[in-house]
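Peer 1: Next one to model:
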Amino acid sequence: MHTSTGRVNKHREALRKAGLRPIQIWVPDTKRKEFIAECRRQSLLAAKHDKTNADFMQFMDNALSDVPGWEA
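Peer 2: Residues are numbered from 1 along each chain as shown. Take a look at the predicted model:
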């Protein structure tokens, strides 16, 4: 039986042979209180702006009309 390290190495080698290479990507930590607060702040700001922008609301209604089950 292969060890987990062996299986990972085999998988990585197969990906490399397929022309891929590994990269490391750093993303925001979605569990941090600051991240959650910033998401809320931006969402409230967007919602406030959306309510005052009739053209944007019409655009969104038109775009969402293609989504099954969506009702304006």
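Peer 1: what's in contact with the lowest-mean-pLDDT helix or strand in the chain?
Peer 2: Lowest by mean pLDDT, DSSP states H and E among the helices and strands of the chain is helix 54-64, with a mean of 83. With contacts defined as C-beta atoms under 8 Å, 6 or more residues apart in numbering, helix 54-64 is touched by 49-51, 70, 72. Every C-beta, even on glycine, is put in place using the N, C-alpha and C of the backbone.
Peer 1: next one: stretch 2-14
Peer 2: Under C-beta under 8 Å, 6+ apart, the answer for stretch 2-14 is Pro22.
Peer 1: how about that stretch as PDB, C-alpha atoms only?
Peer 2: Extracted as PDB, the C-alpha positions of stretch 2-14 are listed here (Å, rounded to 0.1, in the frame of the first residue of the first chain):
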ATOM      1  CA  HIS A   2       1.300   3.500  -0.800                       C
ATOM      2  CA  THR A   3       1.800   6.100   1.800                       C
ATOM      3  CA  SER A   4      -0.200   9.300   1.500                       C
ATOM      4  CA  THR A   5       3.000  11.100   0.700                       C
ATOM      5  CA  GLY A   6       3.700   8.700  -2.100                       C
ATOM      6  CA  ARG A   7       0.200   9.100  -3.600                       C
ATOM      7  CA  VAL A   8       0.500  12.900  -3.400                       C
ATOM      8  CA  ASN A   9       3.900  12.800  -5.200                       C
ATOM      9  CA  LYS A  10       2.500  10.500  -7.800                       C
ATOM     10  CA  HIS A  11      -0.400  12.800  -8.400                       C
ATOM     11  CA  ARG A  12       1.800  15.800  -8.600                       C
ATOM     12  CA  GLU A  13       4.100  14.100 -11.100                       C
ATOM     13  CA  ALA A  14       1.200  13.200 -13.300                       C
END
